[in-house]
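>>> compute the structure for the input listed below.
(chains A, B, C and D)
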2 protein chains.
Amino acid sequence: MALHPFKISTWNINSVRLRAPNVQQFLKAEAPDVLCLQEIKCQTGEFPAKAFNEVGYTHHQVLGQGGGHHGVAIVSRHPIETLEPQPLCREGHARVQAARIEGFEIHNIYLPAGGDVPDPDENDKFAHKLDFLASMARDYSALASDASPRILVGDLNVAPHENDVWSHKQLLKIVSHTPAETEALEKAREAGGFFDIARELHDDGQKLYTWWSYRAKDWAASNRGRRLDHIWANDAAMGLADLDSYSIHLAWRGGWKPSDHAPVSSSFQRP
Amino acid sequence: MALHPFKISTWNINSVRLRAPNVQQFLKAEAPDVLCLQEIKCQTGEFPAKAFNEVGYTHHQVLGQGGGHHGVAIVSRHPIETLEPQPLCREGHARVQAARIEGFEIHNIYLPAGGDVPDPDENDKFAHKLDFLASMARDYSALASDASPRILVGDLNVAPHENDVWSHKQLLKIVSHTPAETEALEKAREAGGFFDIARELHDDGQKLYTWWSYRAKDWAASNRGRRLDHIWANDAAMGLADLDSYSIHLAWRGGWKPSDHAPVSSSFQRP
DNA sequence: GCCTTGGCCG
DNA sequence: CGGCCAAGGC
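Sure thing, here's the model as predicted:
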């Protein structure tokens, strides 16, 4: 591994204003080069920029939304070159952004959760999710021929493998783990020429979770998690990946007013 | 003054569940025999009894209400004998309770705030407030012949004197200080044979406030207060009063998540 | 469960 | 400004 790897983290923060202290502490502790946030739940102008500046993350690319919904942001210790994001969201939600940082193309995605009923005819939100996944396959396959190092991260709201959920059997009809979703996600990943960093490191028999419901009495004891948060790398980035650096930062699911998602990180050699 | 005076405090707590820590600290610091609370904003069954038990206030008389409105409670280090309250509130709100503790009749009242427009024909809430005040005069005059020591406390939502508000002139048409209210309150007090402890101690030229709006940028600096919280004593209780003990506990208007009201206390010799 | 918003109230 | 509630979302 090079002396100065490029470390990227992704975290569904479930309100960045409420959890600015958590994020500050996380950045101090893990010191990634770049942090991609989802569900910031604020307007662009309400982003707590100061909290990030204070700890050295002075470059911000914020895509906020009103109504307390969605919203994504990239914060970085290095300058950010804004890229045109893929037009994945037919609803115009603040869910997708792209940037170039330190020679890496970074794509940050908050994929629609999809509601409760896994039927696109009955549930518009599920239809939107499948539509978003189909767009991903289309848009990223168009990009795949451009072989610059590309990392896609975010809360994709799909747990693709059997061991990405606490019970494959019990979740097969639960949105996030239905075959329609897991197959569409795998198809999108492959169409974009991406590798799933977590599963490149860990074999498929290994349980991996990044999200635990708030509703559990004791999330850690019952450990009914799902792996909804992902780091994908294309060929060029995969060649630079330090697989062993992949980490799900469990500690941040606990502590003071935690998000229901843990942050996830991985490091790469610089291109 | 006797060695073991009877100390009573009153505090509009604006949610007793949220501010259970504040109340605990107050009780530890001021150690009254009895604390009367208003705006507990919880149902009777949701009252945080444990917080009071922990600091020695094991006797509770709680009159809660749903919908997050009103609610009054008496907590005491001594046994409480429940008395029938006066039927002052035509709306059936949880606003009035009465008890006997250590030989004192205690009446705890949360008087209707009265809305914004000081006109009973336009504003039902103001009409209700005037109606409540008229009921007080009627009901307590009926009680006045019973000369047992009687103390009436609570958030009466009226600042009767010129120096019970930061600007008499500017508040004459503001609900809480209109002549209709201040005259009705004085009439109720006199009809019940009560003395206003604060004004028995302090002359009318002295500004006295117990409430400061949350809306002020700096409540202490601007000091635009009103005296809405009162301790009244009938003849028998007045004869036992230690006037010098009267205190508005300003410190509790500040600190961690304060109520917009400060607690008020006074001590009496035991009957 | 834990966020958001927006309304009612003071 | 800051309690409460009721929805809507995940």
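>>> what's near enough to touch the residue of the stretch 101-250 of chain A found nearest DNA strand D?
Closest residue of the stretch 101-250 of chain A to DNA strand D, Cβ to the nearest atom of the strand: A:Ala113 (3.3 Å). C-beta here means a position set from N, CA and C on the backbone, and glycine is covered the same way. By Cβ atoms under 8 Å, 6 or more residues apart in numbering or on different chains, the contact list for A:Ala113 reads A:125, A:129, A:157, A:175-176.
>>> and with 6 Å instead?
A:Asn157 (Cβ atoms under 6 Å, 6 or more residues apart in numbering or on different chains).
>>> show the average pLDDT along stretch A:60-69.
The average pLDDT for stretch A:60-69 rounds to 96.
>>> before we move on, what SS does the residue of the stretch 101-250 of chain A closest to DNA strand D have?
Secondary structure state of A:Ala113, per DSSP: H, G, I helix; E, B strand; the rest coil, is coil.
>>> show me what from chain A comes close to DNA strand D.
A:68-69, A:112-113, A:115, A:125, A:157, A:214 (Cβ under 7 Å from any atom of the strand).
>>> give me that answer again for 6 Å
A:112-113, A:115, A:125 (Cβ under 6 Å from any atom of the strand).
>>> now do the same end-to-end measure for stretch A:214-234.
End-to-end distance of stretch A:214-234 (Cα to Cα, to the nearest Å): 33 Å.
>>> just for chain A, where's the confidence low?
Scanning chain A with the threshold set as pLDDT under 70 gives A:1-3.
>>> which residue does it have closest to DNA strand C?
A:Gly68 (2.5 Å).
>>> ok, now which ones touch that residue?
Residues in contact with A:Gly68 (Cβ under 6 Å, 6+ apart) are A:Lys41.
>>> try 8 Å this time
Contacts of A:Gly68 (Cβ under 8 Å, 6+ apart): A:41-42.
>>> just checking, it is part of a helix?
No. Assigned with three-state DSSP, A:Gly68 falls outside any helix and is coil.
>>> dump the residue contacts of A:Val55.
Counting by Cβ under 8 Å, 6+ apart, A:Val55 makes contact with A:24, A:27-28.
>>> so it versus A:Val23, what's the distance?
Spatial separation of A:Val55 from A:Val23 under the definition Cβ to Cβ, to the nearest Å is 9 Å.
>>> nearest residue to the middle of chain A?
The residue lying closest to the centre of chain A (Cα atoms, centre = their mean) is A:Gly154, at 1.3 Å.
>>> skipping adjacent residues, who's closest to that one in space?
Closest residue to A:Gly154 apart from its sequence neighbours, by Cβ to Cβ, 6 or more residues apart in numbering or on different chains: A:Ile109 at 3.6 Å.
>>> helix or strand for the one you found, just tell me which one.
Assigned by DSSP states H and E, A:Ile109 belongs to strand A:104-110.
>>> sheet-wise, list the partners of that strand with their directions.
Neighbouring strands of strand A:104-110 in its sheet, by DSSP bridges, are strand A:96-101 (antiparallel), strand A:150-155 (parallel).
>>> residues making contact with the last one?
Contacts made with strand A:150-155 from outside it, assessed by Cβ under 8 Å, 6+ apart, are listed as A:8, A:10, A:12, A:36, A:38-39, A:72, A:104-111, A:140, A:143, A:192, A:194, A:228-234, A:236-237, A:261, A:264, A:268.
>>> from these, which ones fall inside helices?
A:140, A:143, A:236-237 (DSSP state H).
>>> switch the residues you listed over to JSON lines; also include distance to A:Ala251 and neighbour count.
Putting the ones in helices among the contacts of strand A:150-155 into JSON lines (distance: Cβ to Cβ, whole Å; neighbours: other Cβ atoms under 10 Å in any protein chain shown) gives the following:
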{"residue": "A:Tyr140", "distance to A:Ala251": "32", "neighbour count": "23"}
{"residue": "A:Leu143", "distance to A:Ala251": "35", "neighbour count": "19"}
{"residue": "A:Ala236", "distance to A:Ala251": "32", "neighbour count": "19"}
{"residue": "A:Ala237", "distance to A:Ala251": "27", "neighbour count": "28"}
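>>> chain A: strands as residue ranges?
For chain A, the strands defined by DSSP state E cover A:6-12, A:34-38, A:59-63, A:72-76, A:81-83, A:96-101, A:104-110, A:150-155, A:194-196, A:211-212, A:225-226, A:229-234, A:241-248, A:264-268.
>>> I'd like those as TSV, with distance to A:Ala51 appended.
Listed next are these as TSV, based on distance: least, Cβ to Cβ, whole Å:
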stretch	distance to A:Ala51
strand A:6-12	14
strand A:34-38	12
strand A:59-63	11
strand A:72-76	10
strand A:81-83	21
strand A:96-101	19
strand A:104-110	19
strand A:150-155	21
strand A:194-196	31
strand A:211-212	23
strand A:225-226	28
strand A:229-234	21
strand A:241-248	23
strand A:264-268	19
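>>> quick one: closest of those to B:Gln97.
For B:Gln97, the closest of the strands of chain A is strand A:211-212, at 45.0 Å, according to Cβ to Cβ.
>>> okay, now the nearest residue in space to A:Leu185 that is not next to it in sequence: neighbour count?
Using Cβ to Cβ, 6+ apart and skipping the chain neighbours, the partner closest in space to A:Leu185 is A:Val158 (4.4 Å). By the measure other Cβ atoms under 10 Å in any protein chain shown, the count of residues near A:Val158 is 27.
>>> surely A:Val158 is in contact with A:Ser176?
Yes. Look at A:Val158 against A:Ser176 with Cβ atoms under 8 Å: they come within range, at 5.8 Å.
>>> show me whatever sits in contact with both of these two.
Contacts common to A:Val158 and A:Ser176, judged by Cβ under 8 Å, 6+ apart, are A:Leu228.
>>> can I assume A:Trp11 is in contact with A:Leu35?
Yes. If you go by Cβ under 8 Å, A:Trp11 and A:Leu35 touch, sitting 6.6 Å apart.
>>> related to what we said a few turns ago, residue contacts, the residue nearest to A:Leu185?
Per Cβ under 8 Å, 6+ apart, neighbours of A:Val158: A:111, A:133, A:176-177, A:181-182, A:184-185, A:228.
>>> count the neighbours of the residue nearest to A:Gly154 for me.
Quick note: A:Ile109 (other Cβ under 10 Å) scores 26 neighbours.
>>> again with A:Pro48
19.
>>> look up the residues forming beta bridges with A:Thr82.
Counting by DSSP bridges, the residues bridging with A:Thr82 are A:Ala99.
>>> and if you look at A:Ser76?
A:Val34, A:His59.
>>> now swap in A:Trp211 and tell me
Here A:Trp211, judged by DSSP bridges, has bridge partners A:Arg226, A:His261.
>>> quick one: it from A:Arg226, how far?
Distance from A:Trp211 to A:Arg226, by Cβ to Cβ: 5 Å.
>>> so what's A:Tyr57 up against?
A:Tyr57 neighbours (Cβ under 8 Å, 6+ apart): A:27, A:35, A:75-77.
>>> and the gap between A:Glu147 and A:Arg189?
If you look again at residue A:147, you'll see it is Ala, not Glu. 17 Å.
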